[in-house]
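A.B. asks: Sequence plus predicted model, see below.
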Amino acid sequence: MIVGHYHDKMRHQNLDATICEIRKRFWITNLRRLLRRVVTNCHICKLRRARPRQPRMGPLPEDRLEANGWPFKYTGLDYLGPLMVTIGRRTEKRWVALFTCLTTRAIHLEMAHDLSTDSCIIAMRNFMCRRAPVVRMRSDNGKNFVGADREARKFNEVFEPEKIQGELSSRGVEWIFNCPENLAEGGVWERMVQCVKKVLAHTVKEVAPKEHVLASFLIEAENIVNSRPLTHLPVTVDQEAPLTPNDLLKAAAGVPDLPGDEGQSPKKFATRKQWRIARMMRDRFWKRWVHEYLPKLVRREKWCEHVEPMRRGDLVYVCDPAIPRREWRRGIVEEVYAGVDGVPRRAAVRVASDDRSKLMMRPVSKLSVLDVVNAAASRGSGCRGTD
(Lines give C-alpha, C1' and ligand atoms only; values in the text may rest on other atoms or scores of the structure.)
Protein backbone atom coordinates (compact mmCIF):
# COMPACT_ATOMS: atom_id res chain seq x y z
CA MET A 1 0.00 0.00 0.00
CA ILE A 2 2.87 2.39 0.77
CA VAL A 3 4.56 1.69 -2.56
CA GLY A 4 1.26 2.10 -4.43
CA HIS A 5 0.64 5.41 -2.64
CA TYR A 6 4.04 6.79 -3.64
CA HIS A 7 3.61 5.49 -7.18
CA ASP A 8 0.42 7.56 -7.50
CA LYS A 9 2.04 10.50 -5.70
CA MET A 10 4.92 10.58 -8.20
CA ARG A 11 2.40 10.54 -11.07
CA HIS A 12 3.51 7.13 -12.37
CA GLN A 13 7.11 8.20 -13.06
CA ASN A 14 10.09 5.90 -13.53
CA LEU A 15 11.28 3.45 -10.90
CA ASP A 16 14.32 5.38 -9.70
CA ALA A 17 12.36 8.57 -9.00
CA THR A 18 9.74 6.67 -7.00
CA ILE A 19 12.35 4.67 -5.05
CA CYS A 20 14.21 7.88 -4.18
CA GLU A 21 11.00 9.43 -2.82
CA ILE A 22 10.09 6.33 -0.76
CA ARG A 23 13.52 6.09 0.87
CA LYS A 24 13.19 9.56 2.28
CA ARG A 25 10.95 8.00 4.97
CA PHE A 26 11.04 4.20 4.60
CA TRP A 27 13.56 1.47 3.85
CA ILE A 28 11.75 -1.45 2.23
CA THR A 29 13.58 -4.63 1.34
CA ASN A 30 13.33 -5.83 -2.27
CA LEU A 31 11.79 -2.46 -3.10
CA ARG A 32 12.60 -2.48 -6.80
CA ARG A 33 10.97 -5.88 -7.33
CA LEU A 34 7.91 -4.80 -5.35
CA LEU A 35 7.63 -1.56 -7.29
CA ARG A 36 7.79 -3.41 -10.60
CA ARG A 37 4.88 -5.59 -9.47
CA VAL A 38 2.89 -2.47 -8.52
CA VAL A 39 3.58 -0.88 -11.90
CA THR A 40 2.59 -4.08 -13.70
CA ASN A 41 -0.82 -4.08 -11.98
CA CYS A 42 -1.39 -0.33 -12.37
CA HIS A 43 -4.16 0.23 -14.92
CA ILE A 44 -3.04 3.76 -15.74
CA CYS A 45 0.42 2.49 -16.62
CA LYS A 46 -1.14 -0.31 -18.66
CA LEU A 47 -3.06 2.19 -20.78
CA ARG A 48 -0.05 4.47 -21.14
CA ARG A 49 2.30 1.70 -22.21
CA ALA A 50 -0.09 -0.28 -24.35
CA ARG A 51 1.59 -1.30 -27.60
CA PRO A 52 0.37 -3.39 -30.53
CA ARG A 53 1.86 -6.85 -30.85
CA GLN A 54 2.63 -8.36 -34.21
CA PRO A 55 1.10 -11.84 -34.58
CA ARG A 56 3.17 -14.74 -35.76
CA MET A 57 4.04 -14.50 -39.44
CA GLY A 58 1.50 -16.41 -41.46
CA PRO A 59 2.08 -18.72 -44.42
CA LEU A 60 2.58 -17.25 -47.87
CA PRO A 61 -0.45 -17.20 -50.19
CA GLU A 62 -0.67 -19.76 -52.95
CA ASP A 63 -0.03 -16.97 -55.47
CA ARG A 64 3.66 -16.97 -54.49
CA LEU A 65 4.17 -20.72 -54.27
CA GLU A 66 2.55 -22.09 -57.43
CA ALA A 67 5.11 -23.29 -59.99
CA ASN A 68 4.82 -24.07 -63.72
CA GLY A 69 2.56 -21.11 -64.45
CA TRP A 70 2.97 -18.29 -66.92
CA PRO A 71 4.45 -14.90 -65.90
CA PHE A 72 2.04 -12.43 -64.31
CA LYS A 73 -0.59 -15.10 -63.70
CA TYR A 74 -0.80 -13.69 -60.18
CA THR A 75 -0.02 -9.99 -60.12
CA GLY A 76 0.43 -7.25 -57.53
CA LEU A 77 -0.31 -3.60 -58.36
CA ASP A 78 1.03 -0.40 -56.85
CA TYR A 79 1.67 3.20 -57.89
CA LEU A 80 4.85 5.26 -57.57
CA GLY A 81 5.53 8.91 -58.27
CA PRO A 82 4.87 11.60 -59.16
CA LEU A 83 7.56 12.12 -61.78
CA MET A 84 7.93 15.45 -63.57
CA VAL A 85 7.88 15.66 -67.38
CA THR A 86 8.31 18.62 -69.70
CA ILE A 87 5.37 19.49 -71.97
CA GLY A 88 6.26 22.47 -74.12
CA ARG A 89 7.38 25.16 -71.69
CA ARG A 90 5.63 23.74 -68.65
CA THR A 91 6.11 20.73 -66.43
CA GLU A 92 3.44 18.20 -65.52
CA LYS A 93 3.21 15.23 -63.18
CA ARG A 94 3.08 11.63 -64.27
CA TRP A 95 2.71 8.45 -62.24
CA VAL A 96 3.91 4.91 -62.82
CA ALA A 97 1.74 1.82 -62.37
CA LEU A 98 3.94 -1.05 -61.23
CA PHE A 99 2.74 -4.60 -61.91
CA THR A 100 4.79 -7.37 -60.31
CA CYS A 101 4.46 -11.11 -60.79
CA LEU A 102 3.99 -12.65 -57.37
CA THR A 103 5.62 -15.92 -58.45
CA THR A 104 8.54 -15.05 -60.75
CA ARG A 105 9.09 -11.58 -59.19
CA ALA A 106 9.18 -9.92 -62.62
CA ILE A 107 7.85 -6.37 -63.00
CA HIS A 108 6.05 -4.40 -65.70
CA LEU A 109 5.86 -0.60 -65.71
CA GLU A 110 3.09 1.47 -67.29
CA MET A 111 2.91 5.26 -67.27
CA ALA A 112 -0.31 6.75 -65.86
CA HIS A 113 -1.29 10.23 -67.03
CA ASP A 114 -2.95 11.11 -63.72
CA LEU A 115 -4.56 9.52 -60.67
CA SER A 116 -8.00 9.08 -62.17
CA THR A 117 -10.00 5.92 -62.61
CA ASP A 118 -9.72 6.06 -66.40
CA SER A 119 -5.91 6.28 -66.31
CA CYS A 120 -5.78 3.29 -63.98
CA ILE A 121 -8.04 1.26 -66.30
CA ILE A 122 -5.95 2.21 -69.35
CA ALA A 123 -2.75 1.12 -67.56
CA MET A 124 -4.36 -2.21 -66.65
CA ARG A 125 -5.61 -2.78 -70.21
CA ASN A 126 -2.20 -2.00 -71.70
CA PHE A 127 -0.56 -4.36 -69.22
CA MET A 128 -2.93 -7.25 -69.92
CA CYS A 129 -2.59 -6.75 -73.69
CA ARG A 130 1.21 -6.87 -73.59
CA ARG A 131 1.54 -9.64 -71.03
CA ALA A 132 -0.13 -12.98 -70.50
CA PRO A 133 -3.68 -13.15 -69.09
CA VAL A 134 -4.06 -12.43 -65.37
CA VAL A 135 -5.99 -14.73 -63.05
CA ARG A 136 -5.77 -12.78 -59.80
CA MET A 137 -4.62 -9.25 -59.03
CA ARG A 138 -3.78 -7.92 -55.57
CA SER A 139 -3.29 -4.35 -54.41
CA ASP A 140 -3.46 -2.18 -51.34
CA ASN A 141 -6.91 -1.20 -50.19
CA GLY A 142 -8.80 0.52 -53.02
CA LYS A 143 -8.63 4.24 -52.62
CA ASN A 144 -5.34 4.59 -50.81
CA PHE A 145 -2.93 2.26 -52.59
CA VAL A 146 -0.95 5.23 -53.95
CA GLY A 147 0.03 6.64 -50.55
CA ALA A 148 -1.19 9.39 -48.27
CA ASP A 149 0.21 12.57 -49.80
CA ARG A 150 -1.77 15.52 -51.07
CA GLU A 151 -2.18 14.07 -54.56
CA ALA A 152 -3.37 10.78 -53.10
CA ARG A 153 -6.14 12.56 -51.22
CA LYS A 154 -7.23 14.08 -54.52
CA PHE A 155 -7.07 10.58 -55.98
CA ASN A 156 -9.41 9.33 -53.26
CA GLU A 157 -12.09 11.73 -54.42
CA VAL A 158 -12.16 10.48 -58.03
CA PHE A 159 -11.06 6.86 -57.68
CA GLU A 160 -13.89 4.37 -58.15
CA PRO A 161 -12.93 0.84 -57.12
CA GLU A 162 -16.27 -0.53 -58.30
CA LYS A 163 -15.67 0.70 -61.85
CA ILE A 164 -12.20 -0.84 -62.03
CA GLN A 165 -13.41 -4.07 -60.45
CA GLY A 166 -16.16 -4.24 -63.04
CA GLU A 167 -13.60 -3.82 -65.81
CA LEU A 168 -11.48 -6.63 -64.40
CA SER A 169 -14.48 -8.89 -63.84
CA SER A 170 -15.40 -8.60 -67.51
CA ARG A 171 -11.96 -10.03 -68.30
CA GLY A 172 -12.23 -12.82 -65.72
CA VAL A 173 -9.71 -11.26 -63.32
CA GLU A 174 -10.20 -11.49 -59.57
CA TRP A 175 -9.15 -8.36 -57.66
CA ILE A 176 -8.26 -8.74 -53.97
CA PHE A 177 -7.71 -5.79 -51.63
CA ASN A 178 -5.35 -5.91 -48.69
CA CYS A 179 -6.40 -4.81 -45.24
CA PRO A 180 -6.15 -1.00 -44.82
CA GLU A 181 -3.03 0.34 -43.07
CA ASN A 182 -1.25 -3.02 -43.32
CA LEU A 183 2.00 -2.28 -45.14
CA ALA A 184 3.49 -5.70 -44.41
CA GLU A 185 0.76 -7.38 -46.42
CA GLY A 186 1.91 -5.55 -49.56
CA GLY A 187 5.65 -5.82 -48.99
CA VAL A 188 6.04 -7.98 -52.10
CA TRP A 189 5.39 -4.96 -54.37
CA GLU A 190 6.63 -2.26 -52.01
CA ARG A 191 10.09 -3.79 -52.35
CA MET A 192 9.83 -3.55 -56.14
CA VAL A 193 8.77 0.09 -55.89
CA GLN A 194 11.93 0.76 -53.91
CA CYS A 195 14.08 -0.94 -56.57
CA VAL A 196 12.53 1.11 -59.39
CA LYS A 197 12.93 4.34 -57.43
CA LYS A 198 16.63 3.64 -56.96
CA VAL A 199 17.12 3.09 -60.69
CA LEU A 200 15.18 6.23 -61.63
CA ALA A 201 17.01 8.29 -58.99
CA HIS A 202 20.29 7.69 -60.86
CA THR A 203 18.67 8.22 -64.27
CA VAL A 204 16.17 11.05 -64.01
CA LYS A 205 17.67 12.84 -60.98
CA GLU A 206 16.34 16.43 -60.83
CA VAL A 207 15.69 16.73 -64.57
CA ALA A 208 12.15 16.82 -66.00
CA PRO A 209 12.56 14.91 -69.29
CA LYS A 210 10.17 14.76 -72.19
CA GLU A 211 7.33 12.30 -71.88
CA HIS A 212 8.70 9.90 -74.48
CA VAL A 213 12.13 10.05 -72.81
CA LEU A 214 10.57 9.10 -69.47
CA ALA A 215 8.81 6.19 -71.18
CA SER A 216 12.23 5.02 -72.44
CA PHE A 217 13.68 5.35 -68.92
CA LEU A 218 10.87 3.19 -67.55
CA ILE A 219 11.61 0.45 -70.09
CA GLU A 220 15.29 0.49 -69.14
CA ALA A 221 14.44 0.44 -65.43
CA GLU A 222 12.10 -2.50 -66.02
CA ASN A 223 14.83 -4.44 -67.77
CA ILE A 224 17.40 -3.67 -65.05
CA VAL A 225 15.12 -4.79 -62.23
CA ASN A 226 14.12 -7.93 -64.14
CA SER A 227 17.83 -8.79 -64.49
CA ARG A 228 18.40 -8.96 -60.74
CA PRO A 229 19.34 -12.40 -59.32
CA LEU A 230 16.73 -14.40 -57.45
CA THR A 231 19.13 -17.09 -56.23
CA HIS A 232 22.64 -17.10 -54.81
CA LEU A 233 25.52 -15.99 -56.96
CA PRO A 234 27.91 -18.77 -58.10
CA VAL A 235 31.14 -19.21 -56.17
CA THR A 236 32.92 -21.34 -58.76
CA VAL A 237 33.18 -21.21 -62.54
CA ASP A 238 31.38 -24.53 -63.01
CA GLN A 239 28.18 -23.38 -61.29
CA GLU A 240 25.28 -21.88 -63.19
CA ALA A 241 24.51 -18.21 -63.28
CA PRO A 242 21.80 -17.04 -60.84
CA LEU A 243 18.17 -17.28 -61.80
CA THR A 244 16.57 -14.01 -62.98
CA PRO A 245 13.03 -13.06 -64.05
CA ASN A 246 14.32 -12.32 -67.57
CA ASP A 247 15.23 -16.00 -67.95
CA LEU A 248 11.52 -16.75 -68.25
CA LEU A 249 10.30 -13.51 -69.82
CA LYS A 250 12.80 -13.55 -72.67
CA ALA A 251 13.24 -17.34 -72.83
CA ALA A 252 16.97 -16.76 -72.91
CA ALA A 253 19.73 -16.66 -70.36
CA GLY A 254 21.25 -13.37 -69.27
CA VAL A 255 24.79 -14.54 -70.05
CA PRO A 256 25.89 -16.32 -73.25
CA ASP A 257 28.11 -18.93 -71.56
CA LEU A 258 25.46 -20.43 -69.28
CA PRO A 259 26.18 -24.19 -68.99
CA GLY A 260 23.33 -26.56 -69.74
CA ASP A 261 21.88 -29.35 -67.62
CA GLU A 262 23.15 -32.84 -68.26
CA GLY A 263 21.00 -34.72 -70.68
CA GLN A 264 18.82 -31.72 -71.49
CA SER A 265 20.80 -30.03 -74.25
CA PRO A 266 18.74 -29.54 -77.41
CA LYS A 267 19.11 -32.29 -79.96
CA LYS A 268 20.10 -31.65 -83.57
CA PHE A 269 16.62 -32.17 -84.93
CA ALA A 270 15.24 -29.51 -82.53
CA THR A 271 16.79 -26.62 -84.44
CA ARG A 272 13.74 -26.44 -86.73
CA LYS A 273 11.33 -26.63 -83.82
CA GLN A 274 12.16 -23.72 -81.58
CA TRP A 275 9.13 -24.37 -79.43
CA ARG A 276 10.91 -27.46 -78.09
CA ILE A 277 13.83 -25.32 -76.99
CA ALA A 278 11.52 -22.73 -75.46
CA ARG A 279 9.61 -25.41 -73.55
CA MET A 280 12.85 -26.98 -72.35
CA MET A 281 14.12 -23.63 -71.06
CA ARG A 282 10.78 -22.99 -69.36
CA ASP A 283 10.86 -26.35 -67.61
CA ARG A 284 14.46 -25.76 -66.65
CA PHE A 285 13.56 -22.38 -65.15
CA TRP A 286 10.79 -23.85 -62.97
CA LYS A 287 12.99 -26.76 -61.91
CA ARG A 288 15.62 -24.35 -60.62
CA TRP A 289 12.91 -22.11 -59.15
CA VAL A 290 11.57 -24.97 -57.04
CA HIS A 291 14.97 -26.23 -55.89
CA GLU A 292 16.82 -22.94 -55.37
CA TYR A 293 14.36 -20.08 -54.90
CA LEU A 294 11.35 -21.67 -53.21
CA PRO A 295 13.30 -22.84 -50.10
CA LYS A 296 14.32 -19.23 -49.46
CA LEU A 297 10.67 -18.24 -49.08
CA VAL A 298 10.04 -20.77 -46.31
CA ARG A 299 12.37 -19.11 -43.78
CA ARG A 300 10.80 -16.95 -41.07
CA GLU A 301 13.34 -14.51 -39.63
CA LYS A 302 10.94 -12.34 -37.60
CA TRP A 303 7.50 -12.41 -35.98
CA CYS A 304 8.08 -15.94 -34.75
CA GLU A 305 6.74 -15.56 -31.20
CA HIS A 306 3.29 -16.67 -30.18
CA VAL A 307 1.07 -13.81 -28.97
CA GLU A 308 -2.30 -13.82 -27.26
CA PRO A 309 -4.94 -13.84 -30.03
CA MET A 310 -7.36 -10.95 -30.23
CA ARG A 311 -10.97 -11.74 -29.33
CA ARG A 312 -14.33 -10.29 -30.08
CA GLY A 313 -15.27 -7.66 -27.49
CA ASP A 314 -11.72 -6.55 -26.64
CA LEU A 315 -11.22 -2.86 -25.93
CA VAL A 316 -8.37 -1.62 -28.14
CA TYR A 317 -6.40 1.43 -29.17
CA VAL A 318 -6.34 2.07 -32.92
CA CYS A 319 -2.63 2.86 -33.28
CA ASP A 320 -1.64 5.43 -35.87
CA PRO A 321 2.03 6.51 -35.92
CA ALA A 322 1.10 9.61 -37.94
CA ILE A 323 -0.73 11.22 -35.00
CA PRO A 324 0.23 11.72 -31.33
CA ARG A 325 -0.53 8.92 -28.93
CA ARG A 326 -2.99 11.06 -26.98
CA GLU A 327 -5.16 11.27 -30.11
CA TRP A 328 -5.38 7.53 -30.67
CA ARG A 329 -8.97 6.40 -30.78
CA ARG A 330 -10.42 3.67 -28.63
CA GLY A 331 -12.74 1.07 -30.01
CA ILE A 332 -14.37 -2.28 -29.43
CA VAL A 333 -13.59 -5.30 -31.59
CA GLU A 334 -16.80 -6.32 -33.35
CA GLU A 335 -15.44 -9.17 -35.44
CA VAL A 336 -12.12 -10.98 -35.84
CA TYR A 337 -10.94 -12.49 -39.15
CA ALA A 338 -8.35 -15.25 -39.03
CA GLY A 339 -5.93 -16.37 -41.73
CA VAL A 340 -5.60 -19.82 -43.21
CA ASP A 341 -3.51 -20.83 -40.19
CA GLY A 342 -6.27 -19.85 -37.76
CA VAL A 343 -4.39 -16.86 -36.30
CA PRO A 344 -6.39 -13.57 -36.25
CA ARG A 345 -4.93 -11.20 -38.84
CA ARG A 346 -7.49 -8.39 -39.09
CA ALA A 347 -10.42 -7.11 -37.07
CA ALA A 348 -13.50 -4.92 -37.50
CA VAL A 349 -13.36 -2.19 -34.82
CA ARG A 350 -16.21 0.13 -33.85
CA VAL A 351 -15.01 3.60 -32.87
CA ALA A 352 -16.76 6.88 -32.06
CA SER A 353 -16.70 9.44 -34.87
CA ASP A 354 -18.62 12.74 -34.98
CA ASP A 355 -21.16 11.77 -32.32
CA ARG A 356 -21.81 8.43 -33.97
CA SER A 357 -20.11 5.07 -34.21
CA LYS A 358 -18.15 3.93 -37.24
CA LEU A 359 -16.91 0.47 -38.18
CA MET A 360 -13.38 0.26 -39.59
CA MET A 361 -11.17 -2.62 -40.68
CA ARG A 362 -7.64 -2.69 -39.27
CA PRO A 363 -4.83 -5.26 -39.05
CA VAL A 364 -4.19 -6.81 -35.66
CA SER A 365 -0.66 -5.36 -35.74
CA LYS A 366 -2.18 -1.84 -35.55
CA LEU A 367 -4.47 -2.62 -32.59
CA SER A 368 -3.31 -2.52 -28.99
CA VAL A 369 -5.46 -4.49 -26.55
CA LEU A 370 -6.21 -2.59 -23.33
CA ASP A 371 -5.94 -4.79 -20.26
CA VAL A 372 -8.93 -3.39 -18.36
CA VAL A 373 -10.92 -4.94 -15.52
CA ASN A 374 -14.54 -5.77 -16.21
CA ALA A 375 -16.89 -4.15 -13.74
CA ALA A 376 -18.58 -7.48 -13.18
CA ALA A 377 -15.32 -9.29 -12.53
CA SER A 378 -13.79 -9.71 -9.13
CA ARG A 379 -11.40 -7.08 -7.83
CA GLY A 380 -7.84 -7.55 -9.04
CA SER A 381 -8.65 -10.34 -11.46
CA GLY A 382 -7.01 -8.45 -14.32
CA CYS A 383 -9.07 -10.17 -17.02
CA ARG A 384 -9.51 -8.63 -20.45
CA GLY A 385 -12.64 -6.73 -21.29
CA THR A 386 -15.62 -8.64 -22.67
CA ASP A 387 -19.01 -7.75 -24.08
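C.D. replies: Received it, and whenever you're ready, just let me know what you need.
A.B. asks: Now do the strands for the stretch 101-250 of the chain: every range, in order, please.
C.D. replies: Chain-ordered strands for the stretch 101-250 of the chain, with DSSP state E, counting those that start in this stretch as the definition, fall at 107-112, 136-139, 174-177.
A.B. asks: Please dump these into JSON lines; it should also carry mean pLDDT and mean neighbour count for every row.
C.D. replies: To be clear about C-beta, it is placed using only N, CA and C from the backbone, and glycine gets the same treatment. JSON lines is the format used below for these (pLDDT from 0 to 100; neighbours: other Cβ atoms under 10 Å):
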{"stretch": "strand 107-112", "mean pLDDT": "91", "mean neighbour count": "22"}
{"stretch": "strand 136-139", "mean pLDDT": "86", "mean neighbour count": "21"}
{"stretch": "strand 174-177", "mean pLDDT": "82", "mean neighbour count": "15"}
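A.B. asks: Could you export those as JSON lines, including distance to residue 229?
C.D. replies: Formatted as JSON lines, the strands of the stretch 101-250 of the chain follow (distance: least, Cβ to Cβ, whole Å):
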{"stretch": "strand 107-112", "distance to residue 229": "15"}
{"stretch": "strand 136-139", "distance to residue 229": "24"}
{"stretch": "strand 174-177", "distance to residue 229": "29"}
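A.B. asks: quick one: which of those strands is nearest residue 69?
C.D. replies: strand 136-139 (11.1 Å; Cβ to Cβ).
A.B. asks: Show me what the closest one is in contact with.
C.D. replies: 63, 73-78, 102, 145, 168, 173-178, 186 (Cβ atoms under 8 Å, 6 or more residues apart in numbering).
A.B. asks: The residue lying closest to residue 221 once chain neighbours are set aside: how many residues sit nearby?
C.D. replies: With Cβ to Cβ, 6 or more residues apart in numbering as the criterion, residue 221 has its nearest non-adjacent residue at 4.2 Å, and that residue is residue 199. If you count neighbours by other Cβ atoms under 10 Å, residue 199 ends up with 17.
A.B. asks: quick one, what contacts residue 199?
C.D. replies: Applying Cβ under 8 Å, 6+ apart, the residues near residue 199 are 220-221, 224-225.
A.B. asks: Is there a quick PyMOL command that grabs whichever of those residues are buried?
C.D. replies: Selecting the buried subset of the contacts of residue 199 in PyMOL, with 16 or more other Cβ atoms under 10 Å as the burial test, is done by:
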select buried, resi 221+225
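A.B. asks: As a markdown table, the contacts of residue 199 with pLDDT and distance to residue 58 would be great.
C.D. replies: A markdown table is the format used below for the contacts of residue 199 (pLDDT from 0 to 100; distance: Cβ to Cβ, whole Å):
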| residue | pLDDT | distance to residue 58 |
| --- | --- | --- |
| 220 | 90 | 36 |
| 221 | 90 | 32 |
| 224 | 90 | 32 |
| 225 | 91 | 27 |
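A.B. asks: Tell me which two of the contacts of residue 199 sit farthest apart.
C.D. replies: Once Cβ to Cβ is applied, the contacts of residue 199 give 220 and 225 as the farthest pair, at 9.8 Å.
A.B. asks: coming back round to it: out of the contacts of residue 199, name the ones that lie in helices.
C.D. replies: 220-221, 224-225 (DSSP state H).
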